[in-house]
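# The sequence isn't on hand, but the structure is:
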DNA sequence: TCATTTCTGTAGTGGTCGCTAAATAATGCC
DNA sequence: GGCATTATTTAGCGACCACTACAGAAATGA
């Protein structure tokens, strides 16, 4: 945990978490390249030197916002109970989160993938790793389900994990395109029909 | 069709289609915002005034590149035969196209969604419409299959269309993240298990 | 040959990008 | 109060952005 020295000089005039939240929304909505420092100034009410003093650069600001997103708005695969229910819950939760009113549509991590593309190597690394970890998490959960007999022995856990991952990523695109919560839930329901039986 | 006046002054020193192809690859790989006019100059070997003379602006250049992408690299749903085979073919073709060596990974239209996000309204309109048309095309195909008895009467064609659309969009993300052709085909195969029976 | 038309290359335009030096303001410590 | 320390504000840095005025080059028509 980062310990803050009990302050000698002039104190901060802003709440760091609140600022980070505004920054997160800006990046979430407009992407990394689409969000300028001027945009961040407008979103936070701060001037550039304050932002650069509290954080370090636009890039680390993005990373911090991304971590906050994962912490506050990320889904986790429930580790107990039947895998089928865990995955189903996961998809429905994504459908709800991606269509939350008052928040930008879609998933900040999925969006980053494409907004940053093959370029912006430095800043794109972290969200790419997050997506990879999500896929690995799903796959591990499915493997366990196979050994426990919940899924047939011949099940291709990797392919199935990629499928559910793709459903999440596709839901994010469609949320950005204006899909309603109801439509996303229908999508999640249809996806669960791919569950092996 | 655009008729070209039989040329009085100095002739073009470049092939317009070849240049458009290079431009398309640049936008495909780096997105709209990530591709600067300097990038396009390097990709085409032309100077800015030539590009602006032949086309009109970065934005219409992007639109032209997008249309070329749809024409040369877009998938179409085969209109005849069983819907199940048409969809299956569609998914496998996407898996192959998104992992074509010598071309940027993923789908230019899906990528545009996220790279442009909610902002860049003007330039994002066309790719958003393309995605919407793809979904509508799939849904229509499924509706026909229902009336013809290939699918159960109670099938939710909209939800199923959204699912297969999401699979395409998710495959694009995973292709950008480095998924192999084999992995994408496995994903397509797993997705077809969601076909109602 | 000369005039006309069209394209190409040079060399910029004003604007925005991420970022920061320097001055000023607000605190704690003595 | 005076000093050290830290935060905020003002103003502006060089680099790059999309784009273009202008002059020269290459074609056709007379």
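Ah, there it is. None of these values were measured; they are calculated from a predicted model.
# what about the lengthiest helix in chain A and chain B, touching?
The longest helix of chain A (DSSP state H) is helix A:121-147. Yes - remark: helix A:121-147 sits within contact range of chain B at A:128, A:131, A:132, A:135, by C-beta under 8 Å from any C-beta of the partner chain. C-beta: built from backbone N, CA, C; applies to glycine.
# now the helices for chain A?
Taking DSSP H as the criterion, chain A contains helices spanning A:16-30, A:37-44, A:48-54, A:58-73, A:83-98, A:108-116, A:121-147, A:157-176, A:181-192.
# Compute the number of surrounding residues for residue A:193.
Counted with other C-beta atoms under 10 Å in any protein chain shown, the neighbours of residue A:193 add up to 15.
# Quick check: residues of chain A near DNA strand C?
Proximity of chain A to DNA strand C (C-beta under 7 Å from any atom of the strand) is limited to residues A:6-11, A:35-39, A:47-49, A:52, A:57-59.
# wait, what's in contact with the spatially most central residue of chain A?
The residue lying closest to the centre of chain A (C-alpha atoms, centre = their mean) is residue A:109, at 4.0 Å. Neighbour list for residue A:109: A:66, A:69, A:70, A:74, A:127, A:130, A:131, A:134 [criterion: C-beta atoms under 8 Å, 6 or more residues apart in numbering or on different chains].
# Tabulate those (CSV), appending distance to residue B:22.
Compiled in CSV, the contacts of residue A:109 are given as follows (distance: C-beta to C-beta, whole Å):
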residue, distance to residue B:22
A:66, 33
A:69, 36
A:70, 38
A:74, 39
A:127, 29
A:130, 33
A:131, 30
A:134, 35
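# so which of the residues you listed comes closest to DNA strand C?
Nearest to DNA strand C among these: residue A:66, at 15.3 Å, using C-beta to the nearest atom of the strand.
# how close does the nearest residue to residue A:110 once chain neighbours are set aside get to DNA strand D?
In space, and not counting its chain neighbours, residue A:110 is closest to residue A:172: 4.0 Å by C-beta to C-beta, 6 or more residues apart in numbering or on different chains. For residue A:172, the distance to DNA strand D equals 26 Å [C-beta to the nearest atom of the strand, to the nearest Å].
# Number of residues surrounding residue A:172?
Around residue A:172 there are 30 residues (other C-beta under 10 Å).
# give the contact list for it.
Applying C-beta under 8 Å, 6+ apart to residue A:172 gives the contacts A:94, A:98, A:106, A:107, A:110, A:111, B:114.
# mind giving me JSON lines with those residues and columns for pLDDT and neighbour count?
Converted to JSON lines, the contacts of residue A:172 look like this (pLDDT from 0 to 100; neighbours: other C-beta atoms under 10 Å in any protein chain shown):
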{"residue": "A:94", "pLDDT": "98", "neighbour count": "26"}
{"residue": "A:98", "pLDDT": "98", "neighbour count": "24"}
{"residue": "A:106", "pLDDT": "96", "neighbour count": "27"}
{"residue": "A:107", "pLDDT": "96", "neighbour count": "29"}
{"residue": "A:110", "pLDDT": "91", "neighbour count": "28"}
{"residue": "A:111", "pLDDT": "85", "neighbour count": "30"}
{"residue": "B:114", "pLDDT": "66", "neighbour count": "27"}
